[in-house]
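>>> Provided below are the primary sequence and the corresponding predicted coordinates.
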Amino acid sequence: MIKVVYEVVPHDGGWAYRLGGVYSEAFPSHADALEAARIVAAEQQVGGDSAEISWQDENGKWHEEYAEGGDRPETEVVDGLWHERASGASQSAGR
């Protein structure tokens, strides 16, 4: 099973959630971005209809495959603000 991790991070003067190197729109507050990431992660768990899909890889080659509607990824939301604070506290404790 694939695992999808959304990370809440500072972005463009506000906060956003990030998947890989792709950012969501900027939100005015950390709480807004965290809530949006949680909503998106929950929506990933909702199954859909099975379908034939096609997609293009980074080399420009097209692929076709059958996707099961119930084949949903595991999701996680990582709070970048909490992670930064925890890392800073660990470093301070080591001094």
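Perfect, I can see it now.

>>> State the number of residues packed around the nearest residue in space to D12 that is not next to it in sequence.
Closest residue to D12 apart from its sequence neighbours, by Cβ to Cβ, 6 or more residues apart in numbering: A26 at 4.1 Å. C-beta here means a position set from N, CA and C on the backbone, and glycine is covered the same way. Per other Cβ atoms under 10 Å, the neighbour tally for A26 reads 14.

>>> so how far is A16 from A26?
Distance, A26 to A16, by Cβ to Cβ, to the nearest Å: 5 Å.

>>> now swap in F27 and tell me
Here F27 is placed at a distance of 6 Å from A16 (Cβ to Cβ).

>>> Pull the distance from the helix or strand harbouring V5 to the chain's centre.
V5 is part of strand 3-11, with elements assigned from DSSP states H and E. The chain centre lies 5 Å from the centre of strand 3-11; the measure is Cα atoms, centre = their mean, to the nearest Å.

>>> and that strand, which strands flank it?
Using DSSP bridges, the strands paired with strand 3-11 are strand 14-19 (antiparallel), strand 74-79 (parallel).

>>> L34 is nearest to which of those?
Nearest of the strands paired with strand 3-11 to L34, taken as Cβ to Cβ: strand 74-79 at 6.1 Å.

>>> okay, and for this structure, where does confidence drop off?
For the chain, residues meeting the criterion pLDDT under 70 lie at 83-95.

>>> hey, where'd the helices end up in the protein?
Ranges of helices within the chain are 30-44, 80-93, based on DSSP state H.
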